Structure formats: C-alpha cells, structure tokens
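>>> Need coordinates for the following:
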Amino acid sequence: MLLVLPNKHITKKRVTKKIIFNIGFWLFLWLIFAFSIMRFETTSISFKISTLVVFPLIIPVYIHDFIFDYFIIRKRYILYLLSTTFLVVFFGTIIGEFQQFFDSSGSAENYGTILFMMILYTGARYFRIGTQQRIRIKEEEEKRIKAEMELKDMEAKQSQAELNLLKSQVNPHFLFNSLNSIYSLILSKSDLSADAVMKLSDLMRYLLESSKKRKVLVKNEFDFLQNYIDLETIRLGKKAIVNSSFNGDLSGKIISPLLLIPFVENCFKHGIGVITKDNIIDIHVELIESKVILTTSNNVKQIRNSSSNSRTGTGIDNVKKRLHLLYPGKHKININNIDNRFIVLLEIEI
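Modelled structure (predicted):
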C-alpha cells in the first residue's frame, strides 16, 4: 500500500489561509462592536468595551468548534447539546465575572452572546470550506472537461486519418479493376469500348469528388454502383448473368461514400470464370426508412469454399474497419458460403 504524502506547498498554503481567516474573523467582529458603541461612547472607551466583549469569547468558540466536529461527525447529537450547554453556562459565568472585574457598570449576561458567537464562527468556517470545495470542484470539472475535449479531438483526428488511409486504399484498387475491364474491351475490339470509357470517366470523377467528402447523397452512391455494374456487365457480355436492383425513397438521405463498392467489386472479381456456365451475380440494394440494405451473391470456386468465410480480401477488410469507425453499433454484416455461393448481407443505419 502506497502512502501519499500531501504536497508541502499546498499544506502551507491552506494553513496560511486558515490563519488569515481566523485573524480576519475576530478583527472584523472587534471593529463592528467598537464602531457600534461609538455612537454612545468615546473612541477609547468603545475599543475597551469591544475588547472586553469579543476577545474573551475566543476560547469557548474554539472549544465549541472542536466538539462540534467531534460529536456531529459521529452523530452523537445529545452529547453535543449537553457539552454545548455546559460551555455556554460555564464560560458565560466566568466571562461575566471577568467583565465585572474590569467594568463593574457593564452587564454580565453573556450566555446568548456566547451561543451566538459559537454558531456564527462555526457557520462561517463551514461556509468558507464549502466555498473552497465548490471552487476546487469547479476547477477540477473544468480541467476534466478540457481533457475530455482534447481527448475527443485527438480521437477524431486519429479516426479521420485512419479513414483517409482506408479510403485512399479503395481508389487504386477500384481503378486497377476498372482499367482491366476497359483493356479487355479494347482487346476484343468491342463497339462498347467508347461507352465503357465514358462510364469509367464518370466513375473516376465521382471517386475523386466523394473521397474528399465525409457524406454523400445515397442517390449518388447508388448511381455510382449502377454505373460500375453496367461497366462490368459490358465487359463480361454473355459470360455472366447479372441481376441488380436499387430501390427505396432516396430523397435527402446521406451516407459515407464508397462503403458498398468493395462488396460489388468482390462479386465480379471472384464470381466469374469459376465454372464453365451459369455464372450468376445478384446485387440488390434498397433503402428502407433510414436503413441501407445490400445483398450480394456470386459463385465461388470449390477450392475457396473452406476459406471464403475467413478470408474476404483487403477491400472487404478495409470497409469493415471503416464501418466500425463511421457506424459503431449501427451496422450488421453477415458473410456466408452456402452451396458454392458467396453471400453477403450488409445493413447500415444511416
């Protein structure tokens, strides 16, 4: 067990404040009494009477302050009342005799004054302590809030940097696949090459624009996916049957860009040429209220059958990380291999 010693500077500072408070308290009372008596007596007599009234109260007031802390903290209220009563009677009598000795013309009734001063001093002390604690709590709260804001700012910058890195990895990967598609069309001297080049131009323009944004319209993201599917369909021709659909009320809805394209790319990358016929690719996206649902399905090689669930490629891994950063607790993804079909179901609450 570690023993934490108080800072000497802080302890000295607290003691100094306590001494200043006590001196100020009694000096203030002494002056108040003196100035109130000056209306009826001379200045010298007023200070003399004030001294006889105030300073003899110091001893019973500090004794009461001690027993107040001792008994009240321990919840011994009856003992506190008894000891306080004894203090008032005992010191009231002694102080009365003391004052009569120096000024026989004055009143010797001090019980009420003693009780009042006891309550006043203890109340003032606890008020001072409470005020200091409130100030200290406020300062600590401000420090905590500042530290939390700095931490959140740091986490936001770190998350944004990570997102930018993951997003930057999408562009080269996507461009490589798209150029391969165009290259295949040109080699085959297809009449669709020009149309494919235009679609690729639109795709790349969207990539450049969306990569700089944190959010894009869902409609624009869907159009981007449709253009990519059209480009791949042109390239494949009769090699595959591509079924795709986009549904839902897209007006005004926004989403983080380039989250869906890796799953669509994956269909064309791994779903073609694995069998001699019946290459079927299904891609369906819909927006239901505030939930985007993507379902993809494509053929998969038998040799990949045992590992497809565990190894989904760099693009899919990246998008999983982005989903974790952008939509924590607001997305679900299921990837399964059923009857040589690679099936993905992704749901995002936007």
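>>> Show me what secondary structure element comes after the lowest-mean-pLDDT helix or strand in the chain.
Ranked by mean pLDDT, DSSP states H and E, the weakest helix or strand in the chain is helix 111-187, scoring a mean of 73. Moving toward the C-terminus from helix 111-187, the next helix or strand (DSSP states H and E) is helix 193-210.
>>> elements contacting that next one?
Using 3 or more Cβ pairs under 8 Å, 6 or more residues apart in numbering; DSSP states H and E, the elements in contact with helix 193-210 are helix 111-187, helix 218-236. Where C-beta positions appear, they are placed from N, C-alpha and C, glycine not excepted.
>>> what angle do the shortest one and helix 193-210 make?
Orientation of helix 218-236 against helix 193-210 (axes from the mean of the first three to the mean of the last three Cα atoms, to 10 degrees) gives an angle of 150 degrees.
>>> For helix 218-236, buried residues please.
218-222, 224-236 (16 or more other Cβ atoms under 10 Å).
>>> Now tell me what touches that helix from outside.
178, 181-182, 184-185, 190, 192, 195-196, 199-200, 202-203, 206, 210, 240, 242, 244, 246, 248, 250-251, 253-255, 257-261, 264-265, 268, 272, 279, 283, 285, 287, 292, 350 (Cβ atoms under 8 Å, 6 or more residues apart in numbering).
>>> filter these to the buried ones?
Neighbour counting over these (16+ other Cβ under 10 Å) leaves 178, 181-182, 184-185, 190, 196, 199-200, 203, 206, 210, 240, 242, 244, 246, 248, 250, 253-255, 257-261, 264-265, 268, 272, 279, 283, 285, 287, 292, 350 as the buried ones.
>>> so what secondary structure elements neighbour the one helix or strand Pro262 maps to?
Counting by DSSP H and E, the element that carries Pro262 is helix 261-270. Judged by 3+ Cβ pairs under 8 Å, 6+ apart, helix 261-270 is in contact with helix 111-187, helix 218-236, strand 280-288, strand 291-299, helix 313-326, strand 341-349.
>>> who does the last one pair up with?
Which is strand 341-349. Its sheet considered, strand 341-349 pairs with strand 291-299 (antiparallel), strand 331-338 (antiparallel) by DSSP bridges.
>>> Now render these as a markdown table, adding distance to Gly130.
Listed next are the strands paired with strand 341-349 as a markdown table, based on distance: least, Cβ to Cβ, whole Å:
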| stretch | distance to Gly130 |
| --- | --- |
| strand 291-299 | 52 |
| strand 331-338 | 49 |
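>>> Out of these, which is closest to Thr51?
strand 331-338 (79.7 Å; Cβ to Cβ).
>>> now the closest one against helix 261-270, angle please.
Relative orientation of strand 331-338 and helix 261-270, computed by the same axes, to 10 degrees: 10 degrees.
>>> Give me the buried stretch members for strand 331-338, please.
By neighbour count on 16+ other Cβ under 10 Å, the buried set for strand 331-338 is 331, 333, 335, 337.
>>> ok, back up a step: Phe25: which of the helices and strands packed on helix 261-270 is closest?
Shortest separation from Phe25 across the helices and strands packed on helix 261-270 is recorded for helix 111-187, at 6.3 Å, computed as Cβ to Cβ.
>>> Now for Ser245, which secondary structure element holds it?
Going by DSSP H and E, Ser245 is in strand 241-248.
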